[in-house]
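> model this:
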Amino acid sequence: MSFTDPFFIVSSFLAGVFMCAMSGTLTLLTLLLETKNANAEFVILVSLIAFGFGAATMRVTSNPVQAWLIDVWSAIV
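Here you go, the predicted model:
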């Protein structure tokens, strides 16, 4: 897979980071506050699925982001 648009790469990576952070926070808060409810179990399930999607997005875009950062750094220095 080849990504050439740096804006798309970086924004996709940051979206993955945001998804992981928010869904992880929601999971932890739900576990801390209430776990014996059917709604809480559903929230935990959906949050963990969202965490997986965010992690997969970060995994797919991490190498192109690193390559882009290296190119930017070598152009500066």
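> The residue nearest to the spatial centre of the chain sits in which helix or strand?
Nearest residue to the geometric centre of the chain (Cα atoms, centre = their mean): residue 16, 2.3 Å. In this structure, residue 16 is located in helix 6-33 according to DSSP states H and E.
> List the buried residues of that helix.
Using 16 or more other Cβ atoms under 10 Å as the test for burial, helix 6-33 gives 9, 12, 13, 16, 19, 20, 23, 24, 26, 27, 30. (Each C-beta comes from the backbone N, C-alpha and C, glycine too.)
> Just after it, pick out the following helix or strand.
helix 38-76.
> What residues of that following helix count as buried?
43-44, 47, 50-51, 54-55, 57-58, 61, 64-65, 68.
> Between those residues, which sits nearest residue 4?
residue 64 (8.7 Å; Cβ to Cβ).
> wait, that closest one sits on residue 9?
Yes. With contact defined as Cβ atoms under 8 Å, residue 64 counts as touching residue 9 (4.7 Å).
> Now list whatever residues contact both of these two.
residue 3 (Cβ atoms under 8 Å, 6 or more residues apart in numbering).
> which stretches of the chain have low pLDDT?
1-2 (pLDDT under 70).
> if we can go back for a sec, just to check, the residue nearest to the centre of the chain is in contact with residue 52?
No. Using Cβ under 8 Å, residue 16 is not in contact with residue 52; the gap is 10.7 Å.
> which secondary structure elements does the helix holding residue 16 contact?
Counting contacts by 3 or more Cβ pairs under 8 Å, 6 or more residues apart in numbering; DSSP states H and E, helix 6-33 packs against helix 38-76.
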